[in-house]
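>>> got a sequence here, can you model it:
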Amino acid sequence: MEHREGELLFEDRFGGSSTGEWAIPPISLIEGPEHGKVLHLKAGDPNAAPWLGWVGDDTWKNYRLELEVLPVGEGNGFLGFDFHVQGGESSCCNVHFPAFPEGGERHFEGCGRYDDSNTSWKLGPLSQRTAPAAAGEWLRLRLDAGETVANLYTGDIPEPVFTIYDLPFASGGIRLWRYYASAYFRNLRVTALDAVEPVLEDVWGNVLDPGVIRDWKISRMFPVGFGADDPVEASRSGKMGWRDVSTDRRGVVNVIGIDPGEYCKKGVVFAKAPVESPEKGACQFRLTYTDQLSMWLNGARVFEGEHRGWNDPGRSEDDGWGRLMPDQFRVELPLTPGENEMLVRLEVNEPLFGSGFWVRAL
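Residues are numbered from 1 along each chain as shown. Predicted coordinates:
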């Protein structure tokens with residue numbers, strides 16, 4: 001079914017009625033003297049339906065979501081919404097932001113969710129811009145969601161604060177969201193768009209060249225500590241369960257996105273890829289990763305990465321807050337003529353936030 005530009009797909013101001021039926025209606029509606037009737041999602045509520053609810057279907061391919069959010073002083077986590085929520089599944093895309101921003105500015109984050117067990121914020125960058133934020137003020141949000149990109153606007157600012165690339169899903173509805181935080185929601189409105197084009201620059205746009213390694217095989221997930229003593233020998237065992245994987249547009253191996261049931265847990269996963277070289281010599285490579293990654297070439301260790309994540313001491317803005325960043329680390333590989341084997345061992349410490357890696361030759 002094709003929707004015409006501007007067609008109203010759904011509206012609920014949380015005053016007690018809506019223009020359509022929620023697939024799962026949110027149930028925490030309250031009324032107060034200051035804000036009137038609003039939806040109150042609380043930090044202590046279950047992080048699942050029916051408290052959050054969702055609405056939409058797979059005819060929602062390009063659409064505009066408008067919404068107002070007021071963070072309230074319960075919890076210190078994140079608020080936002082899911083979009084492209086698939087019918088009957090929990091897979092979707094996500095936009096969220098800190099309930100209590102620092103310095104009067106608010107960053108936004110966008111990522112994929114692969115069932116309700118994770119939000120893979122480590123696999124994508126922060127918003128290209130920030131928005132002014134003040135305690136006690138309603139935040140007006142507008143998301144123009146396309147099949148592969150989305151633009152997020154705040155207030156009356158004409159340019160978006162965030163253009164989100166590499167969306168993992170193509171259609172579906174929306175769901176309101178919070179994580180260890182509380183907020184009021186009101187004036188939800190969804191209308192159809194004909195198409196959505198990216199506005200702000202893609203931070204990965206300059207590294208999408210032929211040097212990116214995309215031909216990977218990945219093992220099954222092993223328990224914490226597997227292969228630590230002799231990773232190369234461990235990778236040669238018959239129980240690895242190697243499977244071919246497809247990288248995303250950037251060349252990122254999204255580990256949890258391959259199979260959430262298998263990989264969304266703490267543990268160790270191996271990956272390997274062939275690297276062709278016409279001659280013997282050193283070649284410069286760039287890489288980035290989540291959690292903790294080690295690399296071998298033709299059986300010799302060539303890289304031992306530091307731990308990267310939410311709970312690691314080195315987490316900072318310079319570190320991308322533990323996220324994947326293009327060309328973040330350097331390694332020089334002594335290639336031999338013909339086919340070389342690159343082996344990666346990834347320790348997944350924080351599966352809730354997504355896991356993966358990316359490698360390219362210069």
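>>> show me what secondary structure element comes after the lowest-mean-pLDDT helix or strand in the chain.
When each helix and strand of the chain is scored by mean pLDDT, DSSP states H and E, strand 29-32 comes last, with a mean of 78. Per DSSP states H and E, the first helix or strand lying C-terminal to strand 29-32 is strand 36-41.
>>> for whichever helix or strand comes after that following strand, packing partners?
Following strand 36-41 in sequence order, the next helix or strand is strand 63-85 (DSSP H and E). In terms of contacts (3 or more C-beta pairs under 8 Å, 6 or more residues apart in numbering; DSSP states H and E), strand 63-85 is packed against strand 36-41, strand 92-98, strand 139-145, strand 173-192. Any C-beta I mention is one placed from the backbone N, CA and C, and that applies to glycine too.
>>> adding mean neighbour count, write these out as CSV.
Output for those, formatted as CSV (neighbours: other C-beta atoms under 10 Å):
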stretch, mean neighbour count
strand 36-41, 20
strand 92-98, 23
strand 139-145, 21
strand 173-192, 21
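>>> quick one, which of the ones you listed gets closest to residue 325.
strand 92-98 (19.4 Å; C-beta to C-beta).
>>> separation between the residue nearest to residue 3 when sequence neighbours are not counted and residue 167?
Once flanking residues are discounted, residue 3 sits nearest to residue 192: 3.5 Å by C-beta to C-beta, 6 or more residues apart in numbering. Residue 192 sits 18 Å away from residue 167, going by C-beta to C-beta, to the nearest Å.
>>> residue 332 too?
Distance from residue 332 to residue 167, by C-beta to C-beta: 35 Å.
>>> and what of residue 99?
24 Å.
>>> then residue 344?
Applying C-beta to C-beta to residue 344 and residue 167 gives a distance of 26 Å.
>>> of the two, who's got more company?
residue 344 (26 against 21; other C-beta atoms under 10 Å).
>>> my read is the more buried one is in a strand, agree?
Yes. Assessed by DSSP: H, G, I helix; E, B strand; the rest coil, residue 344 belongs to a strand.
>>> which ones are touching residue 144?
63-64, 150-151, 153, 193, 196 (C-beta atoms under 8 Å, 6 or more residues apart in numbering).
>>> so what sits opposite it in the bridge?
Bridge pairing for residue 144 (DSSP bridges) gives the partners residue 64, residue 151.
>>> residue 143 is in contact with residue 161, correct?
No. Using C-beta atoms under 8 Å, residue 161 makes no contact with residue 143, being 10.8 Å away.
>>> give me the common contacts of these two.
With C-beta under 8 Å, 6+ apart, residue 161 and residue 143 have common neighbours 152-153.
>>> residue 353 contacts residue 118, correct?
Yes. Between residue 353 and residue 118 there is a contact under C-beta under 8 Å: 6.9 Å.
>>> quick one: the helices in this protein?
For the chain, helices defined by DSSP state H occupy the ranges 231-235, 255-258, 260-263.
>>> minimum distance to residue 36: which of the ones you listed has it?
helix 260-263 (39.4 Å).
>>> quick check: buried residues in that closest one?
Buried residues in helix 260-263, counted by 16 or more other C-beta atoms under 10 Å: 260, 262-263.
>>> tabulate those in a markdown table, adding columns for distance to residue 239 and pLDDT.
Formatted as a markdown table, those follow (distance: C-beta to C-beta, whole Å; pLDDT from 0 to 100):
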| residue | distance to residue 239 | pLDDT |
| --- | --- | --- |
| 260 | 22 | 88 |
| 262 | 14 | 92 |
| 263 | 16 | 94 |
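>>> nearest to residue 243 among those?
residue 262 (9.6 Å).
>>> which residue comes closest to the closest one once chain neighbours are left out?
The nearest residue in space to residue 262 (C-beta to C-beta, 6+ apart) is residue 221, at 5.7 Å.
>>> so where is the stretch 1-150 of the chain shaky, pLDDT-wise?
47-51, 87-90 (pLDDT under 70).
>>> swap in 80 and give it another go.
Along the stretch 1-150 of the chain, the model assigns pLDDT under 80 to residues 1, 16, 27-33, 44, 46-53, 73-75, 86-91, 102, 115-117.
>>> pretty sure residue 257 contacts residue 118?
No. With contact defined as C-beta under 8 Å, residue 257 does not count as touching residue 118 (9.5 Å).
>>> can you name the two of the contacts of residue 144 that sit furthest apart?
63 and 153 (14.1 Å).
>>> which ones are touching the spatially most central residue of the chain?
For the chain, the residue nearest the mean C-alpha position is residue 111 (2.2 Å; C-alpha atoms, centre = their mean). Applying C-beta under 8 Å, 6+ apart to residue 111 gives the contacts 93-94, 119-124, 354.
>>> so what pairs up with the closest residue to residue 66 other than its chain neighbours in the strands?
Counting by C-beta to C-beta, 6+ apart, residue 66 lies nearest to residue 189, which is 4.5 Å off, once chain neighbours are set aside. Beta bridges link residue 189 to residue 11, residue 66, judged by DSSP bridges.
>>> quick one, what contacts residue 189?
So residue 189 contacts 8, 10-11, 65-67 (C-beta under 8 Å, 6+ apart).
>>> and the gap between it and residue 22?
14 Å.
>>> now residue 169
20 Å.
>>> one step back: can you put the helices and strands packed on strand 63-85 in CSV and add distance to residue 298?
Formatted as CSV, those follow (distance: least, C-beta to C-beta, whole Å):
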stretch, distance to residue 298
strand 36-41, 53
strand 92-98, 39
strand 139-145, 45
strand 173-192, 43
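>>> residue 107: which of the ones you listed is closest?
Closest among the helices and strands packed on strand 63-85, using C-beta to C-beta: strand 92-98, at 6.7 Å.
>>> neighbouring strands of that closest one in the sheet, and parallel or not?
The pairing partners recorded for strand 92-98 under DSSP bridges are strand 63-85 (antiparallel), strand 109-113 (antiparallel).
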